[in-house]
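Enquirer: just coords:
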C-alpha cells in the first residue's frame, strides 16, 4: 500500500492576501493616499453615485478612479468625462479584486498627484466582500429596487462595510421598500455601519456622503 502525503491546511486561504493588503495600506499611508473600495450589485448606481461624488469633491481633493469590470471600458470613459484621472481594470473573468490586483491598478494610475483613489469593484455582493483590497474604508451601495432584505441575504458584504449608501430613494414610493426595516437589518449585521440614504439621480443625500468622505480623507492624511 502506497504512502500518501497528508497536508493539514490550518491557515486561512485569505491570509497571504490580508498581508499584502496591509502592506499596500501602509505604502499608501506613507504617500498620503486614501483608498476607498466601492462595492454593489450590478445596476445599483455605483458609477452615477461616483460621478456625483467627484463633482462635489473635485475642488477639494485630487481624485483618481479604478473601474473594475470583467470587460468593456464604458465606466472609465464616463468617469474620465468628469475630469478625474481614470483607468479601466479588466479582471479576466474574475468576480473581484484582491490586494495584488489593486496594487497593479494603482501603479498604472500613478498616485503621485492624488489624494483619493476610488476602486469601483466588480458588481456583485459576494466575492468582493471576501477580499481585502488594501482600502482604508469599504462602502457599498444598496439600491431601493433590490429590496430591503439584502442585508439578511448577503451578511458578509454588509458586515465589512463602513458605510451603506441606500441609493435611488427618489423611486422608493414605487417599490415595497421599508427603509427603517432595512436600517435594522443592517444594524444586525454591522451596528457600526453608517447608513446614508441618497439619490444619485437627484443629488439628495449626496452632500452628507461627500462630507463624510472628505473628512475621512483629511483625517487619514493628518493622522
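Expert: Noted; the coordinates are in hand. Please read these numbers as outputs of a predicted model, since none were measured by experiment. Numbers count the residues shown, from 1 in each chain.
Enquirer: Could you use CA atoms for every contact and neighbour count after this?
Expert: OK.
Enquirer: Name the residue closest to the centre of this protein, please.
Expert: By Cα atoms, centre = their mean, the chain has its centre lying nearest to residue 38, at 1.5 Å.
Enquirer: any idea how far residue 114 is from residue 63?
Expert: Using Cα to Cα, to the nearest Å, one gets 6 Å for the distance from residue 114 to residue 63.
Enquirer: any idea where the strands of the chain begin and end?
Expert: Per DSSP state E, the chain carries strands over the ranges 34-40, 63-69, 85-90, 116-120, 137-143, 163-167, 194-197.
Enquirer: just so I know, which of those lies nearest residue 75?
Expert: strand 63-69 (6.5 Å; Cα to Cα).
Enquirer: Give me the distance from that closest one to the chain's centre.
Expert: Distance of strand 63-69 from its chain centroid, counting by Cα atoms, centre = their mean, to the nearest Å, is 10 Å.
Enquirer: swap in stretch 24-43?
Expert: The answer for stretch 24-43 is 8 Å, by Cα atoms, centre = their mean.
Enquirer: ok, back up a step: now do the residue nearest to the centre of the chain, the pLDDT please.
Expert: What the model reports as pLDDT for residue 38 is 97.
Enquirer: Kindly state the beta-bridge partners for it.
Expert: On the basis of DSSP bridges, residue 38 is bridged to residue 120, residue 139.
Enquirer: again with residue 86
Expert: Beta-bridge partners recorded for residue 86 (DSSP bridges): residue 65.
Enquirer: Just to check, it is in contact with residue 80?
Expert: Yes - between residue 86 and residue 80 there is a contact under Cα atoms under 8 Å: 5.5 Å.
Enquirer: quick one on the thing from earlier: can you lay out the strands of the chain as TSV showing distance to residue 215?
Expert: Formatted as TSV, those follow (distance: least, Cα to Cα, whole Å):
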stretch	distance to residue 215
strand 34-40	11
strand 63-69	15
strand 85-90	21
strand 116-120	12
strand 137-143	12
strand 163-167	14
strand 194-197	14
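Enquirer: Quick one: closest of those strands to residue 205.
Expert: strand 194-197 (6.1 Å).
Enquirer: partner strands of the closest one, parallel or antiparallel?
Expert: By DSSP bridges, strand 194-197 pairs with strand 163-167 (parallel).
Enquirer: Give me the distance from the partner strand to the chain's centre.
Expert: 11 Å.
Enquirer: Check stretch 50-69 too.
Expert: For stretch 50-69, the distance to the chain centre is 13 Å (Cα atoms, centre = their mean).
Enquirer: Now that stretch: buried residues?
Expert: 50-54, 56-57, 62-69 (16 or more other Cα atoms under 10 Å).
Enquirer: now stretch 79-88
Expert: Quick answer for stretch 79-88 (16+ other Cα under 10 Å): 79, 84-88.
Enquirer: which of those residues lies closest to residue 127?
Expert: Nearest member of the buried residues of stretch 79-88 to residue 127, counting by Cα to Cα, is residue 88, at 19.1 Å.
Enquirer: So the closest one sits against residue 66, correct?
Expert: Yes - with contact defined as Cα under 8 Å, residue 88 and residue 66 form a contacting pair (5.9 Å).
Enquirer: got any ranges where this structure has weak pLDDT?
Expert: 1-13, 70-72 (pLDDT under 70).
Enquirer: what sits against residue 171?
Expert: Taking Cα atoms under 8 Å, 6 or more residues apart in numbering, we find residue 171 in contact with residue 144.
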